[in-house]
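Quick one, what's the 3D model for this:
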Amino acid sequence: MIAISIALFWCLTTLVIIQIPYVIAFIQQLRRTRADSALPRLALPKATIILCLRGADPFLPDCLKRLLSQDYPNYQLHIVVDNPDDPAWSVVNQIVTNQIDLPVKVSSLRVRHATCSLKCSALLQAVAELDPDCEIVALLDADTITHPTWLQELVTPLQDPQIGATTGNRWYMPSSNGWGSLIRYLWNASVIVYMYKYTIPWGGSLAVRADIVRQPELLQQWQQSLVEDATLYQAIKARGLQIQPVLSVLMVNRENCQLFSFLRWLQRQFVFVRLYHPAWTESVCFNGIILALLLCLYALLPVALFIQQWQAAAWLSGAVLLNLSISVLLLIGIHREVCLGLDNRGEANNPFSAIALVKLLIGIPLSQLLCNLMLISALLVRRIEWRGITYHIQGPQQIQLEQYNPYQPLNPASSMVSLW
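Down below sits the predicted model:
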């Protein structure tokens, strides 16, 4: 057992150390972004923001109000609501009605393709109705609360003809100490580094050249896909263009969630990566090894203690403590830089309570196990549920919407719980 314990210690230590340079590079880029926050004075092209809605997300009113007050000279907002009876309609009508300062178009989804997600159907409709002189399309989700220069920060790098799209990312800052909210925070704090490393676009805060989204090939892909951002990645790379991460538009999500609901959502996210992203195989191999090592570690440690194999227990305990210590230090580094960036934008960053900090320490190894389990389980998933709609998956471009139903809210309208 001693030999196995030593091997586990060094294998885990090596895998943890491998990740440190990526995290440091991410932190340094956050720091550079904060230091160079001044936006250049450039002529900005006409842009259209597309927001697809199914259900009234907890912060939808804030999302809409912020979109209507962007510091951008020439843009319009196009909202596509899934159904005339959708709960989002009343929120949209309440806030957008009598809006005269900004061109706003609100429409109901007319064609629900059976071969793609409802979101992709909504995007297809919105793209078909773009003004001919629109040069930039910005996408976001209903849980994205933008700041005044959000659109400008996304569009400015697109002045470079080699950049086809820009993307921000999400940052969870839950208001509760529930396990689901804290585990989601920990998962996101780690995955955000790899989304930056692999330039994975996030449809919740993204801008792309309009001529790219008008491509018939991309529109055909969307009509057969579950998600828009991962297929967009392929279209941009196929044209030899780059995707530019914009770390100044890390968007804060203050919603809460239950652990079981989060794990189901996370599994769905991993299914999307499995279907559409080229880094899937690398991710499965790397995280599969980590999961196997962690399972061995946490299974052998109590056994070593029980049979009084103190030397083996010391090596195994050292692996646990080293893994936890490095994870905490890296997490503190990322969290600190993100919070400083939020300070620059005038946004609140509520500190964690003492109870939350204790739960976060326990949650680090728990999140490593659970999130890697969800990643491996995504290999077997052939059917997902997304906001009340079930999709059958036979392949990346073989999607079947099984049955359409209008959205039925599960939580009270005042709830801060994320919609799934």
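
List the buried residues in stretch 23-38.
For stretch 23-38, the neighbour count (16 or more other C-beta atoms under 10 Å) marks Val23, Phe26, Ile27, Leu30, Thr33, Arg34 as buried. No exception for glycine: its C-beta is placed from N, CA and C like everyone else's.

Mind putting those residues into a markdown table with distance to Ala56?
Putting the buried residues of stretch 23-38 into a markdown table (distance: C-beta to C-beta, whole Å) gives the following:
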| residue | distance to Ala56 |
| --- | --- |
| Val23 | 36 |
| Phe26 | 34 |
| Ile27 | 36 |
| Leu30 | 32 |
| Thr33 | 33 |
| Arg34 | 34 |
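
Going by distance to Val284, which of these wins?
Val23 (20.9 Å; C-beta to C-beta).

Going along the chain, name the helices of the stretch 201-350 of the chain.
Counting by DSSP state H, counting those that start in this stretch, residue ranges of the helices within the stretch 201-350 of the chain are 210-213, 216-222, 229-238, 259-276, 280-306, 310-345.

Same list (those) but as JSON lines, adding mean pLDDT and mean neighbour count.
Shown next, in JSON lines, are these (pLDDT from 0 to 100; neighbours: other C-beta atoms under 10 Å):
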{"stretch": "helix 210-213", "mean pLDDT": "96", "mean neighbour count": "19"}
{"stretch": "helix 216-222", "mean pLDDT": "95", "mean neighbour count": "16"}
{"stretch": "helix 229-238", "mean pLDDT": "89", "mean neighbour count": "20"}
{"stretch": "helix 259-276", "mean pLDDT": "95", "mean neighbour count": "19"}
{"stretch": "helix 280-306", "mean pLDDT": "92", "mean neighbour count": "16"}
{"stretch": "helix 310-345", "mean pLDDT": "93", "mean neighbour count": "17"}
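
For these, give me CSV that also has distance to Arg66.
Output for the helices of the stretch 201-350 of the chain, formatted as CSV (distance: least, C-beta to C-beta, whole Å):
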stretch, distance to Arg66
helix 210-213, 22
helix 216-222, 26
helix 229-238, 21
helix 259-276, 24
helix 280-306, 33
helix 310-345, 12
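
Out of these, which is closest to Cys11?
helix 280-306 (5.6 Å).

Which strands and helices lie in contact with the closest one?
helix 2-35, helix 259-276, helix 310-345, helix 354-377 (3 or more C-beta pairs under 8 Å, 6 or more residues apart in numbering; DSSP states H and E).

Would you map the strands across the stretch 101-250 of the chain?
For the stretch 101-250 of the chain, applying DSSP state E, counting those that start in this stretch gives strands covering 104-108, 136-140, 163-172, 205-209, 242-253.

between those strands, which gets nearest to Gly388?
strand 104-108 (17.1 Å).

Just give the strands next to the closest one in its sheet, each with its orientation.
strand 75-81 (parallel) (DSSP bridges).

List the buried residues in the helix or strand just after the partner strand.
Once strand 75-81 ends, the next helix or strand along the chain (criterion: DSSP states H and E) is helix 87-96. Within helix 87-96, the residues scored as buried using 16+ other C-beta under 10 Å are Pro87, Ala88, Trp89, Val91, Val92, Ile95, Val96.

Equivalent analysis for stretch 137-155, please.
Buried residues in stretch 137-155, counting neighbours by 16+ other C-beta under 10 Å, are found at 137-147, 149-155.

among those, which are in helices?
Taking DSSP state H, the ones among the buried residues of stretch 137-155 that sit in helices are Trp150, Leu151, Gln152, Glu153, Leu154, Val155.

returning to what we had before: just put the helices and strands packed on helix 280-306 in a markdown table and tack on distance to Gln400.
As requested, these are exported to a markdown table (distance: least, C-beta to C-beta, whole Å):
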| stretch | distance to Gln400 |
| --- | --- |
| helix 2-35 | 37 |
| helix 259-276 | 14 |
| helix 310-345 | 39 |
| helix 354-377 | 21 |
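
Quick one: closest of the ones you listed to Pro161.
helix 2-35 (22.2 Å).

for that closest one, what is the average pLDDT?
Averaged across helix 2-35, pLDDT comes to 92.

ok and the following helix or strand past it relative to helix 87-96, angle-wise?
The first helix or strand that comes after helix 2-35 along the chain, using DSSP H and E, is strand 47-53. Orientation of strand 47-53 against helix 87-96 (axes from the mean of the first three to the mean of the last three C-alpha atoms, to 10 degrees) gives an angle of 140 degrees.

Now strand 47-53: buried residues?
Ala47, Thr48, Ile49, Ile50, Leu51, Cys52, Leu53.

Run the angle between it and strand 205-209 for me.
130 degrees.

what's in contact with strand 47-53?
For strand 47-53, the surrounding residues in contact (C-beta atoms under 8 Å, 6 or more residues apart in numbering) are 60, 63-64, 67, 70, 72, 74-82, 86, 88, 92, 118-119, 122-123, 126-127, 130-131, 134-142, 151, 155, 207, 210.
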